[in-house]
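Engineer: Predicted model and sequence follow; I will ask about them next.
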Amino acid sequence: MRAAFGIARKELSVYFTTPVAWVVLVVVAFFSAEFFTGALEGFRFLTTRALQLHSSGLLDRMNLTDMVVARLFGSVALFLLITAPFLSMRLLAEERRASTFELLMTTPVRPAEIVLGKYLASLGVLLASLLIVAAYPALLAVLGAGAAGGGAVEWATVATGVLGLFLLGAMALAVGLFFSALTDTPVVAALLSLLVLLGLWVATMFTIGAGEPLRNLAEALSASEHLAGFLQGRIVLSDVLYYLSLATLGLFLADRAVEAWRCRSAGA
Amino acid sequence: MIEVRGLTKRYRDVVAVEDLSFTVGKGEIVGLLGPNGAGKTTTMRVLTGFLPATSGTARIAGFDVFESPLEVKRRVGYLPETPPLYDPMTVREYLRFVCDLKALPRRSAAGEVERVAVRTGVTDVLDRLAGSLSKGYRQRVGLAQALLGDPEVLVLDEPTVGLDPLQIREVRELIRSFAGRHTVLLSTHILPEVAMTCQKVLVLNGGRLIDHDTLDGLVGRHLPGRRVTLADVAFLEEVYGKILGAAPGARA
């Protein structure tokens, strides 16, 4: 475990001394700011319309948490999915290209510790980008107030939303780590993981017009369907298990792939 | 300390090392000599647990390389062909990182980094980024990394490559100072290097061990009647040529 933490520390310092993590954080910050102001504008528009129509029933059902925060989280999710492959792409692929892989494999470190250390570092960057995203509901809570005098946001729903985003990101990074172990070219790793992750994200689109069993399967596999519950403030066991099992599968396969490197690393 | 029996390594249909057997005693400094492509690097990679052998066994300090790789890796310091540095890290960060990989006690890590830095002469670049170092410094940082934790066995793949003549002399002196305390296996394709640092020589060619003796022994057998003087480089090269030429099935 000592080695795993050492690797995690090293990867984190590499993340933040090279532009990778900063670019990812900027991308997340930029788009979440964009989505946040967009969702807020939409909310304002709807409230004024509802006031004009004197529809108090509609007004009662409108709230910042569902209409701004959940919408923001839903849009940010796609960007977490798109940026994750760029965080994970070089983690293992670069070691293999450089001679440093020989160092890792000849010091008393298990492949599982290498994979775990790298994964922990990428989770660190994920947490940092989630902090940026979580700043927006905090902003609402500070500057806004609920209609009945309470807080502007429902923290429980925000928390499940952040948890959902974290699980989604953790799954994406594990998948990316696996592809990073498969190739020695980071860009190839990024493109392959992007393909798989976006495929999972829009899985239900492949079965539009198809029959029942296929549609159910697509829904069960879809990364976006499983996020919906979290955004509505529900923690559903099957959703949690979906992300955790895909993450575990990714890490397990990455571990196997690292183990297999040695047999394939033919050279001089 | 190092015991190799019938070691064979094949990459698909290419045989890199064939039926290699040798032993290195505790505290000995042994040179692995041979032309490029002779199987030196492959042999070292198998010994350090980086590559699995196709057949045969290798034991280090009594532990089988294939059966207890972690025990072996704890006892071996390895300098690969290309120094394994991370360009965005400073030398100090890098050496601390290797301490973590080797699971050295955290309390002594800083002192250990100082110790190897002094021994390899890299103290003045400790806070520079590895990416900005010259080839000679990279090689010495690679050597420093291998020395961390004071391992019983050192496996050094062409330790003096890329160094200028003065640095070469320093590194050779450093390696000679390991005699008795560390068991060293180093590879080179330069015979004078072996003459100046090693007590014994293993000559590899085409993946096979073609000779195995002390330097005096080699000279005595291949050029009887001549006396060894270390400065006589041309003479040593002549011995080398004879060894490669005389070997049965040699492809030199």
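Structural biologist: Yep, it's here.
Engineer: for chain A, where's the lowest mean pLDDT among helices and strands?
Structural biologist: helix A:56-61 (a mean of 74; mean pLDDT, DSSP states H and E).
Engineer: Could you pull out the buried residues of that helix?
Structural biologist: Of all the residues in helix A:56-61, not one is buried under the rule 16 or more other C-beta atoms under 10 Å in any protein chain shown. Where C-beta positions appear, they are placed from N, C-alpha and C, glycine not excepted.
Engineer: Does anything pack onto that helix? Which helices or strands?
Structural biologist: With contacts defined as 3 or more C-beta pairs under 8 Å, 6 or more residues apart in numbering or on different chains; DSSP states H and E, the packing partners of helix A:56-61 are helix A:19-52.
Engineer: Do the helix it packs on and chain B come into contact?
Structural biologist: No - Helix A:19-52 stays clear of chain B (C-beta under 8 Å from any C-beta of the partner chain), getting no nearer than 10.4 Å.
Engineer: what distance separates that helix from the centre of its chain?
Structural biologist: With C-alpha atoms, centre = their mean, to the nearest Å as the basis, helix A:19-52 stands 18 Å off its chain's centre.
Engineer: And the strands in the stretch 1-150 of chain B?
Structural biologist: B:2-11, B:14-24, B:29-33, B:55-60, B:63-64, B:76-79 (DSSP state E, counting those that start in this stretch).
Engineer: Tabulate those strands (CSV), appending mean pLDDT and distance to chain A.
Structural biologist: Compiled in CSV, these are given as follows (pLDDT from 0 to 100; distance: least, C-beta to the nearest C-beta, whole Å):
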stretch, mean pLDDT, distance to chain A
strand B:2-11, 90, 4
strand B:14-24, 90, 8
strand B:29-33, 91, 14
strand B:55-60, 92, 12
strand B:63-64, 92, 12
strand B:76-79, 94, 5
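Engineer: Adding mean neighbour count, write those strands out as JSON lines.
Structural biologist: Conversion of these to JSON lines gives the following (neighbours: other C-beta atoms under 10 Å in any protein chain shown):
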{"stretch": "strand B:2-11", "mean neighbour count": "18"}
{"stretch": "strand B:14-24", "mean neighbour count": "18"}
{"stretch": "strand B:29-33", "mean neighbour count": "26"}
{"stretch": "strand B:55-60", "mean neighbour count": "18"}
{"stretch": "strand B:63-64", "mean neighbour count": "16"}
{"stretch": "strand B:76-79", "mean neighbour count": "28"}
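Engineer: can you redo the ones you listed as JSON lines with distance to residue A:30?
Structural biologist: Putting the strands of the stretch 1-150 of chain B into JSON lines (distance: least, C-beta to C-beta, whole Å) gives the following:
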{"stretch": "strand B:2-11", "distance to residue A:30": "48"}
{"stretch": "strand B:14-24", "distance to residue A:30": "52"}
{"stretch": "strand B:29-33", "distance to residue A:30": "56"}
{"stretch": "strand B:55-60", "distance to residue A:30": "54"}
{"stretch": "strand B:63-64", "distance to residue A:30": "54"}
{"stretch": "strand B:76-79", "distance to residue A:30": "45"}
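Engineer: so which of these gets nearest residue B:209?
Structural biologist: Closest to residue B:209 of the strands of the stretch 1-150 of chain B, according to C-beta to C-beta: strand B:14-24, at 5.4 Å.
Engineer: and the closest one, which strands flank it?
Structural biologist: Strand pairing for strand B:14-24, using DSSP bridges, gives strand B:2-11 (antiparallel).
Engineer: what's the angle from the strand it pairs with to strand B:29-33?
Structural biologist: Inter-element angle recorded for strand B:2-11 and strand B:29-33: 20 degrees (by axes from the mean of the first three to the mean of the last three C-alpha atoms, to 10 degrees).
Engineer: Just the CA trace of strand B:2-11, in PDB.
Structural biologist: In PDB, the C-alpha atoms belonging to strand B:2-11 read as follows (Å, rounded to 0.1, in the frame of the first residue of the first chain):
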ATOM      1  CA  ILE B   2      23.200 -15.100  -8.400                       C
ATOM      2  CA  GLU B   3      22.500 -18.600  -9.800                       C
ATOM      3  CA  VAL B   4      21.300 -19.100 -13.300                       C
ATOM      4  CA  ARG B   5      20.600 -22.600 -14.700                       C
ATOM      5  CA  GLY B   6      19.700 -23.400 -18.300                       C
ATOM      6  CA  LEU B   7      18.000 -20.000 -18.800                       C
ATOM      7  CA  THR B   8      16.400 -19.600 -22.200                       C
ATOM      8  CA  LYS B   9      14.400 -16.600 -23.400                       C
ATOM      9  CA  ARG B  10      12.500 -16.600 -26.700                       C
ATOM     10  CA  TYR B  11      10.600 -13.800 -28.300                       C
END
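Engineer: what about the chain, any weak spots by pLDDT?
Structural biologist: All of this is about chain A. For chain A, applying pLDDT under 70 flags the ranges A:146-150, A:263-268.
Engineer: um, chain B though
Structural biologist: For chain B, residues meeting the criterion pLDDT under 70 lie at B:226-238, B:246-252.
Engineer: Run a quick neighbour tally on whichever residue of it sits closest to chain A.
Structural biologist: Evaluated by C-beta to the nearest C-beta, chain B has residue B:100 as its residue closest to chain A, separated by 2.5 Å. Residue neighbour count, defined by other C-beta atoms under 10 Å in any protein chain shown, stands at 22 for residue B:100.
Engineer: Now it: closest residue in space, sequence neighbours ignored.
Structural biologist: Using C-beta to C-beta, 6 or more residues apart in numbering or on different chains and skipping the chain neighbours, the partner closest in space to residue B:100 is residue A:6 (2.5 Å).
Engineer: what's the one you found in contact with, if anything?
Structural biologist: Residue A:6 makes contact with A:117, B:97, B:99, B:100, B:101, according to C-beta atoms under 8 Å, 6 or more residues apart in numbering or on different chains.
Engineer: Columns distance to residue A:176 on top of these, output as a markdown table?
Structural biologist: Formatted as a markdown table, these follow (distance: C-beta to C-beta, whole Å):
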| residue | distance to residue A:176 |
| --- | --- |
| A:117 | 15 |
| B:97 | 23 |
| B:99 | 29 |
| B:100 | 24 |
| B:101 | 23 |
